[in-house]
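1. This is a predicted model, with the sequence first.
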Amino acid sequence: MIAGVKAYAWQALALFLAALLAWQALAKLGAERDAAQARAQLAGEREASATAARQASERYRNLEDKHRDDLRTIDTQARQDLERSAADADAARAAAGRLRGDLASYITAHRAAAQARAAAGQCAPDTAALDLLSELQRRADERAGVLARIADDARHRGSACERAYDAGRVMIQGAQ
């Protein structure tokens, strides 16, 4: 009888150990399945994150390229404006030169007439006022030309700077 109880005890112990082993095997399989799911989820999240990073990088690269193109266009326009301004200033200088030539011709004619009247005994020639007037006109014209060049240059550069700032603000707003 003791031998029969012993045999049953060994059988019960063997069954208990087999059940414990089966339970451990199932737990291991479940843990491996959970780990595989976590790895797959992590890989999916990494791929989604990499895709989002590539898209963001491409978007920012496109924004930067557009901004660079905008700045290049603004620079080109500013250079053209400055060239037009310089051409206009050259035309104004040429017109001023013609006016000075006309004034010089007028003064010469006036002096000749005054000398002729003086030679005829009518009056003494006095051209000091005319000389002063022509000198004042020449100096005022030169100074106006200098100030006009400064003002044109400042206006064109300021306008280009403002357009560049606006382009940068648009780029920053597009990035948000």
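-> All right, it came through fine.
2. List the contacts of stretch 139-155.
-> Leu82, Ser85, Asp88, Ala89, Ala92, Arg93, Ala96, Leu99, Arg100 (Cβ atoms under 8 Å, 6 or more residues apart in numbering). Just so you know, the C-beta spots here come from the backbone N, C-alpha and C atoms, and that holds for glycine as well.
3. Just give the nearest non-adjacent residue to the second one, would you?
-> In space, and not counting its chain neighbours, Ser85 is closest to Asp152: 4.1 Å by Cβ to Cβ, 6 or more residues apart in numbering.
4. count of residues packed around the one you found?
-> If you count neighbours by other Cβ atoms under 10 Å, Asp152 ends up with 17.
5. where do the helices sit along this protein?
-> In the chain, the helices defined using DSSP state H lie at 2-120, 128-175.
6. low-scoring stretches of the chain, by residue?
-> In the predicted model of the chain, residues 123-127 satisfy pLDDT under 70.
7. switch to 80 and redo it
-> Residues of the chain meeting the criterion pLDDT under 80: 1, 103, 107, 110-111, 113-131, 134, 174-176.
8. State the distance from Ile172 to Val5.
-> Remark: distance between Ile172 and Val5 (Cβ to Cβ, to the nearest Å) = 87 Å.
9. Same question for Ala78.
-> 106 Å.
10. which of these two has more neighbours?
-> The residue with more neighbours, out of Ala78 and Val5, is Ala78; 18 against 9, by other Cβ under 10 Å.
11. Next, work out how far apart the more buried one and His156 are.
-> 6 Å.
12. same thing with Glu83?
-> Here the criterion is Cβ to Cβ. By it, Glu83 lies 10 Å from His156.
13. quick one, which of these two is more surrounded?
-> Comparing Glu83 with His156 by other Cβ under 10 Å, the one with more neighbours is His156, at 19 against 11.
14. Sweet, I'm off.
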